[in-house]
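# Pasting the sequence and the predicted coordinates here, then a few questions.
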Amino acid sequence: MTRNRVLILVLVMIGLISGLGSVLGNIAASALPGIWQSYLWLAWPLLVVSMLALIGLTVLQFRLQQQTPPPAQDDEPPEWVPHLAEAIRQAAHETSAPRPLPTAPQPAPSLPAADGFAYDVLISRASAERKSCVMNDRSKYEYDVFVSYSEEDEDWVQQELISRLQAAGVTYLEPNKFPLGPPRMDLLETAIKASRKTLLVITGSYLKNHWAKFSHILSITYGLDRGEWRTVPVIVEPCALPDEIGILSCLELYQGDPMEQWERLIRSLQPEPAPLLDEDGTLLLSEGELARPRDAFDSSWLVSLDPPEGAVRLRSRLYVQRENEPLWLDTVIGSGETIRVKGAHQMGKSSLLARMHGRSVEHGRAAFYLDFQRLDEIAFSSLDSLLYSVAVLMARRLRTLNLPDLYWSSPLGSKDKLSDFVLAELLEKIQPPIVLLFDDVDRVFNYDYRDDFFSLIRAWHNERALEGPWQKLNVVLAYSTEAYLFIRNLNESPFNVGVSIELKDFSRSEVKDLNRRHGMLVQTPGEIESLMVLLGGHPYLWRMALYVMATRGIRASQLIDTAHNDDGPFVEHLHRYLRQLESWPDLRNAMRNVLVNGACADNDSFYRLRASGLVLGHSPDSVQPRCDLYTRYFGKRL
């Protein structure tokens with residue numbers, strides 16, 4: 001009730017009472033006996049007193065209504081949130097604006113009494129003076145980041161954000177990992193204090209969620225108390241920011257280059273690398289100064305040293321990028337591409353496909369990677385079984401609306417079933433372009449239905465000539481064997497269309513780059529040349545050599561002297577090849593002929609040896625062992 005309404009009510013009451021008094025006076029003057037008429041003057045004071053009492057009651061009711069808070073709405077935050085936000089804004093202003101002369105302390109904003117002592121503590125923290133310190137003690141934090149988001153944005157967080165945090169090795173905590181039972185307020189406070197930073201996923205729904213508001217207010221408050229800016233706002237969609245977030249440096253993920261924005265975010269969340277320390281705690285690397293190489297082997301960096309087997313991790317500092325690799329990575333995010341990655345065994349095909357997959361995801365593509373070597377033998381029992389297995393894995397990883405069983409119930413052939421599934425469930429229902437990456441597809445060459453399988457990939461390529469959804473599909477095939485030895489009809493082969501990428505041995509500059517990434521373990525140009533003779537440019541053998549030198553603390557000369565021994569550093573690699581040659585007598589004889597005569601008797605043996613990575617050459621008439629290590633080892637044993 002406003003003051004104007006109270007005034008109007010008072011005036012109306014005065015009018016009513018005056019009119020009532022006039023009417024009653026006239027009635028009494030005419031109806032009462034004469035003796036009573038002399039007492040009529042007493043009626044007016046009584047009416048005035050009654051009028052004043054009514055006015056007092058009205059004013060008292062008005063004041064009580066002003067002091068009684070309105071009932072809280074379910075969709076509104078608690079009343080203390082605006083007070084706390086105002087306190088944070090004041091504290092932020094104090095940290096950036098010039099400080100005035102000291103004045104009498106101002107009282108903190110008052111809170112409703114029911115909110116208790118806890119919120120008074122939060123307000124006092126928000127008003128605390130900012131300390132000059134940095135977050136450089138990683139041991140006191142259990143997680144790198146706490147992710148605060150609205151429940152309505154959970155799908156985006158899980159599919160886009162969490163997957164990238166996991167790939168980058170960023171440890172995180174998010175509400176889905178909270179234990180059941182404890183109060184949510186306690187869990188949020190514990191999560192924020194246990195994390196180096198708090199990441200806010202800012203959307204329209206986030207700004208309407210009062211628990212989300214509590215999270216970012218508590219994070220900013222806790223940071224101000226410790227003198228740290230630990231809150232990282234990530235704006236996913238345009239929206240009006242409240243003041244307590246607007247004062248922070250935000251990442252607008254919907255603007256600019258998505259890949260650069262994601263990389264910038266990941267860098268801000270990753271902890272700074274710990275300094276290298278000697279055994280006695282002496283600092284080996286100081287700011288602006290590089291320590292001299294140590295005489296003894298330094299094992300402190302082995303934490304980040306990857307074993308040479310398998311694909312190189314996406315974030316590994318040991319990965320050497322090929323000269324044309326940036327162009328290849330741009331091709332995979334093009335439109336309607338068929339990309340063929342060919343290379344001998346252990347040349348880095350899987351590592352390249354992993355980076356193609358990562359680039360696709362960074363640019364918003366729906367990417368699906370499948371290594372055919374990981375499929376069970378039963379999956380290859382028939383063409384129908386193989387295509388169904390591929391469809392099931394696609395449905396699981398890309399989260400299609402319908403399962404392949406819906407399409408496999410039709411009377412169509414297996415190739416049509418998979419094509420219908422890809423078209424209806426992937427290309428038409430998933431908005432972003434699709435990238436399918438098939439690794440080690442030459443395993444299919446061992447089966448009679450190989451022509452049918454690869455003709456299906458070629459048919460998808462041909463479909464892109466029409467204006468339609470098939471232009472959203474990119475297919476990457478990685479293989480080692482010469483495809484034309486197995487596919488009869490080249491017009492139905494996917495290995496003579498699209499973009500061809502052939503991985504070759506490392507060049508000298510790439511070898512030097514790999515050595516530099518390993519801390520210059522090979523110290524002289526002469527040692528580089530000696531190892532080039534021994535290993536050629538074989539990527540795997542070079543990684544193995546540097547790994548052995550790092551982990552065993554031996555020098556290049558020692559490695560060269562023992563390389564071809566049965567107890568040498570490459571024994572497992574060499575024994576695996578030897579067992580394969582002994583199980584295939586024709587290949588054993590072909591390899592012996594290469595060692596003795598520098599030639600192969602037939603095309604089949606030549607291409608199989610070259611695909612395995614044992615030999616180099618362009619024709620069966622001119623072929624040689626791939627490196628001196630193979631010449632010395634197999635020359636004694638075949």
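Thanks, I have the structure now.
# pretty sure Leu383 contacts Phe453?
Yes - at 6.4 Å, Leu383 counts as touching Phe453 under the criterion of CB atoms under 8 Å. Glycine gets a C-beta too; all of them are placed from N, C-alpha and C.
# ok, now which ones touch Pro469?
423, 427-428 (CB atoms under 8 Å, 6 or more residues apart in numbering).
# Would you mind putting these into TSV with secondary structure alongside?
Output for the contacts of Pro469, formatted as TSV (DSSP: H, G, I helix; E, B strand; the rest coil):
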residue	secondary structure
Leu423	helix
Leu427	helix
Glu428	coil
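# Go through these and name the one nearest Glu510.
Nearest to Glu510 among the contacts of Pro469: Leu427, at 38.0 Å, using CB to CB.
# and the closest one, what does it touch?
If a contact means CB under 8 Å, 6+ apart, then Leu427 has 434, 469-470, 472-473 as its contacts.
# Tell me which of these fall in strands.
Using DSSP state E, the subset of these located in strands is 434, 473.
# and after the lowest-mean-pLDDT helix or strand in the chain, which helix or strand comes next?
One helix or strand of the chain scores below all others by mean pLDDT, DSSP states H and E: helix 117-126, with a mean of 41. Following helix 117-126 in sequence order, the next helix or strand is strand 143-148 (DSSP states H and E).
# give me the element the residue nearest the centre of the chain is part of.
Among the residues of the chain, Arg164 comes closest to the average C-alpha position under CA atoms, centre = their mean, at 1.3 Å. Taking DSSP H and E as the criterion, the element that holds Arg164 is helix 163-167.
# After that helix, heading C-terminal, what element do we hit next?
Reading on from helix 163-167 to the C-terminus, the next helix or strand found by DSSP H and E is strand 172-173.
# Other residues contacting that next one?
So strand 172-173 is contacted by 142-147, 162, 165, 191, 194-195 (CB under 8 Å, 6+ apart).
# Mind picking the lowest-pLDDT entry from those residues?
Across those, the smallest pLDDT goes to Glu142, namely 81.
# what about it, neighbour count?
As a burial measure, Glu142 scores 13 neighbours (other CB atoms under 10 Å).
# coming back round to it: any chance of the contacts of Pro469 in a markdown table, plus distance to Gly568 and pLDDT?
Below are these laid out as a markdown table (distance: CB to CB, whole Å; pLDDT from 0 to 100):
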| residue | distance to Gly568 | pLDDT |
| --- | --- | --- |
| Leu423 | 54 | 95 |
| Leu427 | 52 | 93 |
| Glu428 | 56 | 92 |
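# So which of these is the closest to Arg552?
The shortest gap between Arg552 and any of those belongs to Leu427, at 51.8 Å (CB to CB).
# Would you check how far apart the closest one and Leu473 are?
Between Leu427 and Leu473 the distance is 6 Å, computed by CB to CB, to the nearest Å.
# between those two, what contacts are shared?
Residues touching both Leu427 and Leu473 (CB under 8 Å, 6+ apart): Ile434.
# In contact with Asp416: list those residues for me.
Ser410.
# again with Ser557
Ser557 sits next to 527, 530 when contact means CB under 8 Å, 6+ apart.
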